[in-house]
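Chemist: pasting a predicted model and its sequence here:
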Amino acid sequence: MSSKRPFDEMRAPDGEIRPHYREYCEWLDGKPTDFLPQKQREADALYTRLGITFAVYGDESGTERSIPFDIIPRIIRPNAWKIISDGACQRVRALNAFLKDIYHGQEILKAGIIPAAQVTGNPAFRPEMQGIQVPGDVYIHIAGVDIVKTDAGEFHVLEDNLRTPSGVSYMLENRKMMMRLFPQLFGRMPVAPIDHYTDVLLDNLRAVAPEHVSQPTVVVMTPGAYNSAYFEHAFLAQQMGIELVEGQDLFVSNNYVYMRTTAGPQRVDVIYRRIDDDFLDPLAFRPDSELGVPGIFQAYRVGNVTLANAIGTGVADDKSTYLYVPQMIEFYLGEKPIISNVPTYRLSQAEDLAYTLAHLPELVVKEVQGSGGYGMLVGPTSTKEQIAEFRKRIEANPANYIAQPTLALSTCPTFRDSDIVPRHVDLRPYVLSGRGVTLVPGALTRVALREGSLVVNSSQGGGTKDTWVLEDLQC
Amino acid sequence: MLSRHANNLYWMSRQIERAENTARLLDITYQMSLLPYRVTDVSQSWAEPWALPLVINGLASNYYAKNPGPLTSEKVLRFMVTDSTNPSSICSLIHAARENGRSMRGVMTSEMYEDLNSIWLELRGRSETALNHGGINELFEWIKTQSHQFRGVTFGTMLRDEAYQFIRLGTFMERADNTVRLLDVKYHTLLPSAAEVGGAVDYYQWSALLRSVSALSSYRRIYRDVITPKRVAELLILRNDLPRSLHACMNEIYEILRELCKRDSMEPERLAGELHAQLHYGRVEQIMETGLHEYLMEFLERLHLLNDELNRHFLAPVYDSPDALPAISRQSA
């Protein structure tokens, strides 16, 4: 980690409470000492009772557990939110333009801005998508952009999640929980509401229905109850008041998609699918997939059903494509990036590789295709043995990795063992496209609960917090 | 709604209802076992109170395969309450109901799922405590209350849509099935000789049976007289004002199916209507003439037939070829 102290979002270096946290701290000061422990117990009990859980792969003890929830909100000032919001939307507009381009004219490759092999040779590139028109030219209906703060007003995008980003249910449930636990606070502070997220989502999904469908039937598609994010799939379907389907509920007839209902087969027009490309259609992709629907890709090709997100978006959120997003923003939008990337070393380049191998203890190394905090090395918090082991993996296949300096992620006050302590956080706002590109004023804040840890993934000991965007504040 | 969802909800409510019925039966068995009555004749050992729950649920051979040696209350209770290898134990049933419900969160109200989930979370701990440290009555009371509460939450919060109808359908199909089995076992198995009729054993058994379906006080209010098999049969089969009678169950099932089959008259509605008419216009004398056992077995068979038709039309339809597709509808509303 850099020697500089991480940015504390609540306290200025002189110990002074920052203006946007003042109201909260004043309110908390008047509370008895057992107030927070009591509320934390209440929250934990509620989450278990509500069954808000995620499954952990490889955990033998049980198939699900509650995600740790921290009862201290993360508070974001209006002007900081504007940077985040504008920056995330700008990024998604550029990435969407990139997808349209590479599946049609490939202008960005012709212009030599991104090496063609980088795109067309990428395993997540879907040649089947070339030339297919998607409604409204929208590929990325739902995007999760992971953003970190490193200093006052300084943000970086850590990665883009453009396939089936998850976690939005925690954003919404965390807010409900906070309103249940601390109703008085919402009277005192101008917290921007977020619970219209699912209305906006449904509106966007309806906007991308196939042509000539006036009353589209929209469904959420899940791999099933044993998927780690199943809770979220069910939650979203319920909030939108639409069906939650599995592959077995759908079938294709004459290139139209139907679901099996108690009133016979019913046409489906838009599918918000939370199942990977590979598993969607055993006829088009992995033949061994039992989760998919035979023939659905053909129905999609001829425009009889809309899939959200589109097939083949993975090529745009790959860590090796990430490097080029600032250039995409300039190429497609003619704008300067509002939020910058994290400086990144490409280990496929000899120079970058040499630097990385010489500086492993200071760097974060990630697999190009990895996700969920697996397959990565956080140099400063790893042992010599772990670093040596990872070095071998890098040397075996350097092109599979990128490296970044270890960022001093900002910290937020977090309740741990009856004390309030700073813990590192990141931020994932959810950008929706279909009828324009928008996001609700809120995001998922993930917090690394272990002291000093920079890994915020829920599968790796991370928790979540409610994120409060203040609507107006003189600061 | 999706057929798979209808199927999950239907079975979820059947499983909860079955767990409740099992708790009722075990509760009554436990109370009977406390009475100063012993089976002295070895040939009547099946009339041991603790054999009753096994016989009624058709689990005797499963039980003996796992529990050789003499029948004991501890072993039967463990088998019927917590044994995870017995799919009909209360814990297995609630677990299955909760798994069905878990995949149905998008369709139920959040209160319903919260309720079901907390039953599941508390059940195992409570069961272990009750089995190891006493308090088995409290456990059965608690299970009954949870089932009542879940039905209440459903009734009080859920949109009166198709999903609601399938949940209710499951409850009443299971309840009818349970009442048939209960009546049949009592009549067929527990009354071997005419000599016993009217004796103390007989009285305890009949009153226990009535209590297990919460019908003893109703019996007294209606008949104001001694308990006789004929009246019990009349009460539990033909009375439409007793909530667990076959007639009351068929009232609900027929009503629900008329609603569900609104679009076009279908086989499930016809079958349910037939069964309903038989109860509505039936006379107890006729039933006793046919033989109660024969009557009940035929009823059970037709109930199973109805269940098959529910599968075919609603819960698990199969469209073999695209040409065989019924008229394809677009979503209404």
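Modeler: Received it, and whenever you're ready, just let me know what you need.
Chemist: which of the residues in stretch A:329-349 are buried?
Modeler: Buried residues in stretch A:329-349, counted by 16 or more other Cβ atoms under 10 Å in any protein chain shown: A:329, A:331-332, A:337-339, A:341-342, A:344-348. Backbone N, C-alpha and C define where each C-beta goes, glycine included.
Chemist: which of the residues you listed fall within helices?
Modeler: Judged by DSSP state H, helices contain none of the buried residues of stretch A:329-349.
Chemist: same list (those) but as CSV, adding distance to residue A:316 and pLDDT.
Modeler: Shown next, in CSV, are the buried residues of stretch A:329-349 (distance: Cβ to Cβ, whole Å; pLDDT from 0 to 100):
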residue, distance to residue A:316, pLDDT
A:329, 13, 98
A:331, 13, 98
A:332, 12, 98
A:337, 15, 97
A:338, 18, 97
A:339, 17, 97
A:341, 14, 95
A:342, 17, 93
A:344, 16, 91
A:345, 20, 91
A:346, 17, 88
A:347, 20, 89
A:348, 19, 86
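Chemist: which one of the residues you listed sits closest to residue A:80?
Modeler: residue A:339 (11.3 Å; Cβ to Cβ).
Chemist: would you list the buried residues of stretch A:329-349 in a markdown table and tack on distance to residue A:36?
Modeler: A markdown table is the format used below for these (distance: Cβ to Cβ, whole Å):
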| residue | distance to residue A:36 |
| --- | --- |
| A:329 | 42 |
| A:331 | 49 |
| A:332 | 47 |
| A:337 | 40 |
| A:338 | 36 |
| A:339 | 33 |
| A:341 | 37 |
| A:342 | 34 |
| A:344 | 39 |
| A:345 | 42 |
| A:346 | 45 |
| A:347 | 45 |
| A:348 | 49 |
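Chemist: so which of the residues you listed belong to strands?
Modeler: Under the assignment DSSP state E, the buried residues of stretch A:329-349 contribute A:341, A:345-346 to strands.
Chemist: out of those residues, who's nearest chain B?
Modeler: residue A:341 (37.4 Å; Cβ to the nearest Cβ).
Chemist: for the spatially most central residue of chain A, give the beta-bridge partners.
Modeler: Most central in chain A under Cα atoms, centre = their mean is residue A:144, positioned 3.2 Å from the mean C-alpha point. On the basis of DSSP bridges, residue A:144 is bridged to residue A:161, residue A:430.
Chemist: any low-confidence regions in the chain?
Modeler: Just so you know, I chose chain A. A:1-4, A:51-65, A:370-374, A:473-475 (pLDDT under 70).
Chemist: actually, chain B is the one I wanted.
Modeler: Residues of chain B that meet the cut-off, pLDDT under 70, sit at B:35-47, B:186-201, B:263-265, B:320-333.
Chemist: which residue ranges make up each domain of it?
Modeler: B:1-158, B:161-316 (automatic domain parsing).
Chemist: and the ones you listed as JSON lines, adding mean neighbour count?
Modeler: Output for those, formatted as JSON lines (neighbours: other Cβ atoms under 10 Å in any protein chain shown):
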{"stretch": "domain B:1-158", "mean neighbour count": "18"}
{"stretch": "domain B:161-316", "mean neighbour count": "18"}
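Chemist: and the longest helix seen in chain A, what does it pack onto?
Modeler: Ranked by residue count, the top helix of chain A under DSSP H comes out as helix A:78-102. Packing partners of helix A:78-102 (3 or more Cβ pairs under 8 Å, 6 or more residues apart in numbering or on different chains; DSSP states H and E): helix A:107-110, strand A:142-151, strand A:154-161, helix A:314-317, helix A:325-328, strand A:430-434, strand A:436-438.
Chemist: burial measure for residue A:324, as a count.
Modeler: 20 (other Cβ atoms under 10 Å in any protein chain shown).
Chemist: repeat that for residue A:368.
Modeler: Residue A:368: 21 surrounding residues under other Cβ under 10 Å.
Chemist: tell me if I'm right that it and residue A:397 touch.
Modeler: No: counting by Cβ atoms under 8 Å, residue A:368 stays clear of residue A:397, with 9.8 Å between them.
Chemist: surely residue A:116 is in contact with residue A:107?
Modeler: No: counting by Cβ under 8 Å, residue A:116 stays clear of residue A:107, with 11.6 Å between them.
Chemist: quick one: name the residues of chain A near chain B.
Modeler: A:48-51, A:215, A:217, A:220, A:224-225, A:230-231, A:233-235, A:237-238, A:243-246, A:248-249, A:251, A:253-254, A:258-267 (Cβ under 8 Å from any Cβ of the partner chain).
Chemist: look up the closest residue to residue A:102, ignoring the ones flanking it.
Modeler: Nearest residue to residue A:102, sequence neighbours excluded (Cβ to Cβ, 6 or more residues apart in numbering or on different chains): residue A:119, at 5.5 Å.
Chemist: residue in the stretch 151-300 of chain B nearest to chain A?
Modeler: For the stretch 151-300 of chain B, Cβ to the nearest Cβ, closest residue to chain A: residue B:162, 6.1 Å.
Chemist: looks like that residue contacts residue B:260 (just checking).
Modeler: Yes: counting by Cβ under 8 Å, residue B:260 is a contact partner of residue B:162 at 6.9 Å.
Chemist: mind listing the shared neighbours of those two?
Modeler: Residues touching both residue B:162 and residue B:260 by Cβ atoms under 8 Å, 6 or more residues apart in numbering or on different chains: residue A:262.
Chemist: number of residues surrounding the residue lying closest to residue A:12 once chain neighbours are set aside?
Modeler: Leaving aside its chain neighbours, residue A:12 sits nearest to residue A:18 (5.9 Å; criterion: Cβ to Cβ, 6+ apart). When counting by other Cβ under 10 Å, one arrives at 16 neighbours for residue A:18.
Chemist: so what's residue A:18 up against?
Modeler: Per Cβ under 8 Å, 6+ apart, neighbours of residue A:18: A:9-12.
Chemist: swap the cut-off to 7 Å and go again
Modeler: A:10-12 (Cβ atoms under 7 Å, 6 or more residues apart in numbering or on different chains).
Chemist: for chain B, state which of those residues is nearest.
Modeler: Once Cβ to the nearest Cβ is applied, the member of the contacts of residue A:18 that ends up nearest chain B is residue A:10, at 32.9 Å.
Chemist: and that closest one, how many neighbours?
Modeler: 21.
Chemist: one more: residue A:83?
Modeler: So residue A:83, with other Cβ under 10 Å, has 17 neighbours.
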